[in-house]
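Chemist: turn this into a model:
(chains A and B, ligands or ions: 1)
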Amino acid sequence: MQPFNYLKPSTLTEAAALHRQADEPVYLSGGQTLIPAMQQRLSAPSDLIDLSGIAELSGIQAADGAIRIGAFTRHAQVAESAAVRSAIPALARLAGRIGDAQVRNLGTLGGSLANNDPAADYPAAVLALGATVHTDQRAIAAEDFFQAFFETALDHGEVIRALEFPRPRRAAYRKFPNPASRYAVVGVMVAEFDDGVRVGVTGAGPCAFRAHGLEEALNASLSPDALDRVEIPHEDFNRDLYASAEYRAQLVKVMAMRAVRDLFDP
Amino acid sequence: MTEATGIGAAVKRREDLRFITGAGTYTDDLNQPGQAYAVFLRSPYARAKVGAVDGSEALAVDGVLAVYTGQDTSADGLGDLPCGWLVKSKDGSDMVSAPHPPLAVTQVNYVGEPYGLVVGETLAVARRGAELVNTEFIELPPVAVLGGAARADPIHEGLAGNLAFDWELGDQAATDAALAGAAHVTALEFANNRLIPNALEPRAALAQYDAVSGEYVLRTTSQNPHLERLVLSAFVQIGPEHKLRVIAPDVGGGFGSKIFIYAEETAALWAAAKVGRPIKWTAERSESFLSDVHARDHLTRAELGLDADGKFVGLRVRTTANLGAYLSTFASAVPTFLYGTLLSGQYRTPNIHVQVQGVYTNTAPVDAYRGAGRPEAAYVVERLVETAARELGLDPAQLRRRNFIQPQDFPYQTPVALVYDTGNYQAGLDRALELADYPGFPARRAASERAGKRRGIGLSCYIEACGLAPSQLAISLGAGVGLYESGEVRVNPTGSVTVFTGAHSHGQGHETTFAQVVSDQLGVPFDSVEVVHGDTGRVEFGLGTYGSRSLAVGGSALVKASEKVIAKGRRIAAHLMQTTPDNVAFQDGAYRSGNQQKTIQEVAFAAYVPADYPEDLEPGLSEKAFYDPKNFTYPAGTHIAEVEVDTQTGAIELVNFVAVDDFGRIINPMIVDGQVHGGIAQGVGQALLEHGVYDEQGQLQNGSYMDYCLPRADDLPSFLTDLTATPCDHNPLGVKGCGEAGAIGAPAAVVNAVTDALGVRDIAMPVTSERAWRALQGVAGEGV
Ligand SMILES: Cc1cc2nc3c(=O)[nH]c(=O)nc-3n(C[C@H](O)[C@H](O)[C@H](O)COP(=O)(O)OP(=O)(O)OC[C@H]3O[C@@H](n4cnc5c(N)ncnc54)[C@H](O)[C@@H]3O)c2cc1C
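Modeler: Numbering: from 1, shown residues only, chains lettered A, B, ... in the order given. Below you'll find the predicted structure:
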């Protein structure tokens, strides 16, 4: 690890100011991705701006029809939150299956989304639930947020403050974990709203996406069988030692079917 | 007194208190005043010429003390890292050893191969220095894939090809004839996947040199410190043996990977003398993946012939074994003498012929890892037998029974050199079938099918040769060292006992088991016996721990030494009781004659305070012994795996695993159970999860835990284990060894279960969910 300055602001304004002044600053949230990257010298920031002291990044508030979760909320806090469990149980369950206990005790919602790992779980939920990403500068719709492989709509120095998840009628998440990393080889969230069904897919492609083909089929008939004959285009899917693109396509379909089944039998 | 702690008692491991409270002393916990730190320069290429190494920028960094390269070690006359076992090819020629300098001098041959090191005041400074070293490499085309490597251009300059040896064992003509005349021949072709050992504690060294005394001390993660000292003095020639001390303190697992004499520990010791400072080096996990010796990696074609009654008539095996870029310390013995000799399994197969070609590739060296050759052999035999049974429509258990070596056949001479001492294979199979509820399997399978899943069951009746090894036999087969073990039993003046063993505990629990053995022999309290190991400065000599040898060989040496102690004590006791030694009986820690009695503690006191003492006897009560085994030991058993496969995803769940093992006499059943559990986990890991993958450019594709999958608790069911016992008849304890059984038996059991579930003849290890899914689809494709 290279030497760096450690800074701990207590407000977002202060954080932004520190960020502007530094050479190669980087925000530190749970550190579960950033610290290993620094240890491997893939990342060598001049200034580490720790977000843990900023009160307005914490907290979970349930409001009418939506739940707002601060960016600094740890995965374990989401998993255990009574408010999340009652409003969107599928989201609490998703958080409870990220990585292992140590990772969940440190990793945060904002860190996960800013990082936009193609195999991360939360992006599937953000897309399926049509969440809004609130930053220190603006509100970004889910669809606009995830742009490409490890790329988001965040500008340089922009901080995620909170995520606002609309409450669906029902939702379910299914994940096929990589046996080594336990990240998602494929993860699918299916959420039903008054105006239709949304399906968010992670792990399969270079960046999480909404599966419009699956949504159409489910809007026609919300049942596992409805997905039977849907083609999952997989030319752009990821391939690695563990899973080919074709296999990932199969997993997308199977995870989606199982998530639909869970809607009725949670 | 001895009831709770003697032989056969499940004594809790003494070492665990310090291990689980963080009070262990591992190499990285140790520090020396004034120590500097080493960081190694490693090849980023699988094969390249090493040009100029420019360390000037590194040396300009404040705190960088030195930059050394292979040029420096070679200028100082450091010898090569030798392979300790000379294998001969079938034409009688010696194996071809590629020169293996500790630091590469002119050419690097695998990614991660060290070619230099930077020494700095701190680890951070040394790292920074290493980043600033500019090295010119001229890339050369690598040979990184085993298939075809034997025929590819030689990777080592000056060698004619990549074949290190072409070895055979058994009667080829008779085997060919037997297969030609067989009523049925089952043939399989498969790979035994490459594994990366992953000890919990990475390798480390703390090296010192004292310029005044000329003494070197190397504290390191070794399974065999005396062997390390021998090689460093006799071959690498760092310093004379009596000026070298190697200490292996607490060592956090090895599984074989810490047997070998590596570049880093060697170079650190040399560099400590060069810079005149103690030097510390601890591998990072990513260095471990690249530079610890890897394991297995075979391609095999095997054929089993059966007659019309289902009796085995012949077995023919052709294997290509990947040796990696260099011959590691025992690399040549593993795919030959520890593999070919085990192909008789538990069966009366009259004709066996095996040919093994050992091949160099531009990958990390390959050598022994838990099981070492025997898992590969068990996999060949047990996959073939199970497949033959399915092809013939026979119950796999029944086919095995028909071919087992019977209890009355022992000692049994196999056609592949070994003489099995004792065994009862039928008993192990029967007990395992009972524990696995074999008759209930069809009903369980039907239930799984109703739930949309496929269920399969698979057997594996493995054998292993442990207790390495009878020295004369091993040396006649090419070993460069004897494989006896030494022990010393020192009864202190107050009657407590210090035991010195040349075996080395790196997780096995010697401090407990060996104390049980000696306290039982001498009839002294368990708590009064202390076991010392792992230090060439304290223990006379030793060959270390591997090949499930510690108890069978090292324990036997302690029995011999204890017997000598008892014999000497008898003469002292006789004198004290004014009788002759043959009138004195020893039992339960006391010498008795008539109604007189002297405890061994009283006798020890007399031995050290010889007020009233036999004239012709030396004072003191301490004895040494070397024990050279008469034969290997032959643990064997039956493992049964049951799996359920999700037909939509191919995900495999291991739902049941039964292991019934015959380890001979048991000293501590709890430790045995722990060894079995760990071994099974590693065997299941090989079957389902683990695979070290190099791409064609020789880059390791999964050198981190994000990609290399070790088995975890939630991948495994709770194992059902039991024991049968036919004591070994040629060592004093009757023990056989238990350290490797799980890793040997499990892979074939699991793959037999998976192929049963999927209804396919064969499937490659590790059976990933995609592989299983593809097998269910009946489609080949881009899967891995
Ligand atoms: C062993 C292991 C297993 C894992 N398994 C999973 C898994 O199964 N599923 C899964 O989804 N994830 C998994 N993760 C990832 C983990 O859960 C974290 O979500 C992830 O590491 C990022 O979150 P963090 O809080 O640690 O962010 P950090 O590592 O602190 O930061 C990551 C990046 O985001 C930036 N950042 C952080 N917070 C903000 C913010 N509020 N605004 C703007 N930028 C920000 C940082 O500057 C940095 O570039 C795993 C991680 C590990 C180490």
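Chemist: for the stretch 651-784 of chain B, give me the ranges with low pLDDT.
Modeler: Low-confidence segments of the stretch 651-784 of chain B (pLDDT under 70): B:779-784.
Chemist: show me where it has its strands.
Modeler: B:652-662, B:720-724 (DSSP state E, counting those that start in this stretch).
Chemist: tell me how chain B divides into domains.
Modeler: Taking automatic domain parsing as the reference, chain B has its domains at B:16-22+B:484-627, B:31-140+B:201-252+B:258-291, B:295-468+B:631-782.
Chemist: gap between the two ends of the second one?
Modeler: Think domain B:31-140+B:201-252+B:258-291. Terminal residues of domain B:31-140+B:201-252+B:258-291 lie 24 Å apart, using C-alpha to C-alpha, to the nearest Å.
Chemist: what does stretch A:7-23 give?
Modeler: Note: stretch A:7-23 ends 13 Å apart using C-alpha to C-alpha.
Chemist: can you list the buried residues in that stretch?
Modeler: A:Leu7, A:Pro9, A:Leu12, A:Ala15, A:Ala16, A:Leu18, A:His19, A:Ala22 (16 or more other C-beta atoms under 10 Å in any protein chain shown). Any C-beta I mention is one placed from the backbone N, CA and C, and that applies to glycine too.
Chemist: just stretch B:447-460 next, same as before
Modeler: B:Ser448, B:Lys453, B:Arg454, B:Arg455, B:Gly456, B:Ile457, B:Gly458, B:Leu459, B:Ser460.
Chemist: what about that stretch, distance to the chain center?
Modeler: Between the mean C-alpha location of stretch B:447-460 and the chain-wide mean there is a distance of 34 Å, by C-alpha atoms, centre = their mean, to the nearest Å.
Chemist: residue of the stretch 651-784 of chain B closest to chain A, please.
Modeler: Closest residue of the stretch 651-784 of chain B to chain A, C-beta to the nearest C-beta: B:Cys709 (3.7 Å).
Chemist: which residue, other than its chain neighbours, is closest to that residue?
Modeler: Nearest residue to B:Cys709, sequence neighbours excluded (C-beta to C-beta, 6 or more residues apart in numbering or on different chains): A:Ala180, at 3.7 Å.
Chemist: how near is the closest residue to chain B within the stretch 151-266 of chain A to B:Asp715?
Modeler: Here the residue of the stretch 151-266 of chain A nearest chain B is A:Ala180; by C-beta to the nearest C-beta that distance is 3.7 Å. Going from A:Ala180 to B:Asp715 by C-beta to C-beta, to the nearest Å gives 11 Å.
Chemist: one more: B:Val531?
Modeler: 34 Å.
Chemist: who's more crowded, those two?
Modeler: B:Val531 (24 against 17; other C-beta atoms under 10 Å in any protein chain shown).
Chemist: quick check: the residue of chain A nearest the ligand.
Modeler: Using C-beta to the nearest ligand atom, the closest approach of chain A to the ligand is made by A:Gly111 at 2.2 Å.
Chemist: what's the neighbour count on that residue?
Modeler: With other C-beta under 10 Å as criterion, A:Gly111 counts 25.
Chemist: contacts only, for it.
Modeler: A:Ser29, A:Gly30, A:Gly31, A:Gln32, A:Thr33, A:Leu34, A:Ala71 (C-beta atoms under 8 Å, 6 or more residues apart in numbering or on different chains).
Chemist: for the helix or strand that contains B:Thr175, give the mean pLDDT please.
Modeler: Here B:Thr175 sits within helix B:172-180, counting by DSSP states H and E. Helix B:172-180 carries an average pLDDT of 98.
Chemist: if we can go back for a sec, phi, psi for the residue of chain A closest to the ligand please.
Modeler: phi -60, psi -40 (degrees, to the nearest 10).
Chemist: mind listing the helices for the stretch 101-250 of chain B?
Modeler: Here the stretch 101-250 of chain B has its helices, by DSSP state H, counting those that start in this stretch, at B:123-132, B:172-180, B:225-234.
Chemist: which helices and strands does the second one pack with?
Modeler: This points to helix B:172-180. Other helices and strands packing on helix B:172-180, by 3 or more C-beta pairs under 8 Å, 6 or more residues apart in numbering or on different chains; DSSP states H and E, are strand B:295-306, strand B:312-324, strand B:352-360.
Chemist: between those strands, which one is nearest to the ligand?
Modeler: strand B:295-306 (24.9 Å).
Chemist: what are the buried residues along the closest one?
Modeler: For strand B:295-306, using 16+ other C-beta under 10 Å, the buried residues are B:Ala295, B:Arg296, B:Asp297, B:His298, B:Leu299, B:Thr300, B:Ala302, B:Glu303, B:Leu304, B:Gly305, B:Leu306.
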